[in-house]
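*Asks:* take a look and give me a structure for this.
(one chain, ligands or ions: 1)
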Amino acid sequence: MKIQSATFAKGIVNPHEMLKETLPQIVFIGRSNVGKSSLINLLTKQKGLARTSALPGRTKEINTFLINHKTLFVDLPGYGFARTNETERDTLYHRINEYLFGPNQRHAKVILIMDTYVGPTKDDLEMLQLLQESKKSVLVVLNKIDKIKKSTFRNHVQDIVEKLAHAPHILVSTKTKTGIRELESLL
Ligand code: GDP
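*Replies:* The predicted model follows:
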């Protein structure tokens, strides 16, 4: 997909609202701090579109962006962060799960972003497994590859890929913009 225009559509608190959306949707999901906002901003060439934030988990709403007047990018709240209390966490998980796995959703693709430097966490792999089990078209974005030393790069990435259960993946750095155009063509 060549991204020619992107505007903020709306912030949605109740996932049931998403089920009323008739446009095709591409969903972005990832733990807080993996670079999800940076990635959306880079893809849409708009620095402030998705809010980057120093505080993990600040984005509690589902933000949607209208791309090329016909597709929605859906920015889901980060999962698996420690700073919120359990009740809030449960609500967030619930909200994410309802939208991702409930009936009648129209997402064409799920972009699951991981931090290559940290490697896939238990939460990341759990989410990947759930997505694969429910037969979603999932693409794993391995972000922050600029942080990996050249000397260990091959082994480091190989170890990660082995954990991805054959999910399609792409190596990306939003800092150096490596892999961004290739990712755009896969959307
Ligand atoms: P989000 O919480 O997933 O939306 O993550 P952000 O986009 O807010 O990014 C979290 C932090 O990671 C910020 O300090 C970014 O500058 C940094 N970051 C994002 N992508 C990259 C990357 O590719 N390389 C490096 N080195 N840092 C990155």
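
*Asks:* out of the helices and strands in the protein, which is least certain?
*Replies:* Least confident helix or strand, the chain: helix 86-101 with a mean of 70, by mean pLDDT, DSSP states H and E.

*Asks:* next helix or strand past it?
*Replies:* Sequence-wise, the next helix or strand downstream of helix 86-101 (DSSP states H and E) is strand 107-115.

*Asks:* show me what that following strand is packed up against.
*Replies:* The contact analysis (3 or more CB pairs under 8 Å, 6 or more residues apart in numbering; DSSP states H and E) places strand 107-115 against strand 25-30, helix 122-133, strand 138-143. For every residue, glycine as well, the C-beta is placed using N, CA and C.

*Asks:* nearest to Tyr99, of the ones you listed?
*Replies:* Evaluated over the helices and strands packed on strand 107-115, closeness to Tyr99 peaks at strand 25-30, with 8.1 Å, by CB to CB.

*Asks:* just the angle between that closest one and helix 122-133, please?
*Replies:* Strand 25-30 runs at 150 degrees relative to helix 122-133, counting by axes from the mean of the first three to the mean of the last three CA atoms, to 10 degrees.

*Asks:* name the residues of the next helix or strand after strand 25-30 that come out as buried.
*Replies:* Remark: after strand 25-30, the chain's next helix or strand is helix 36-44, criterion DSSP H and E. Neighbour-count burial for helix 36-44 flags 36-44 (criterion: 16 or more other CB atoms under 10 Å).
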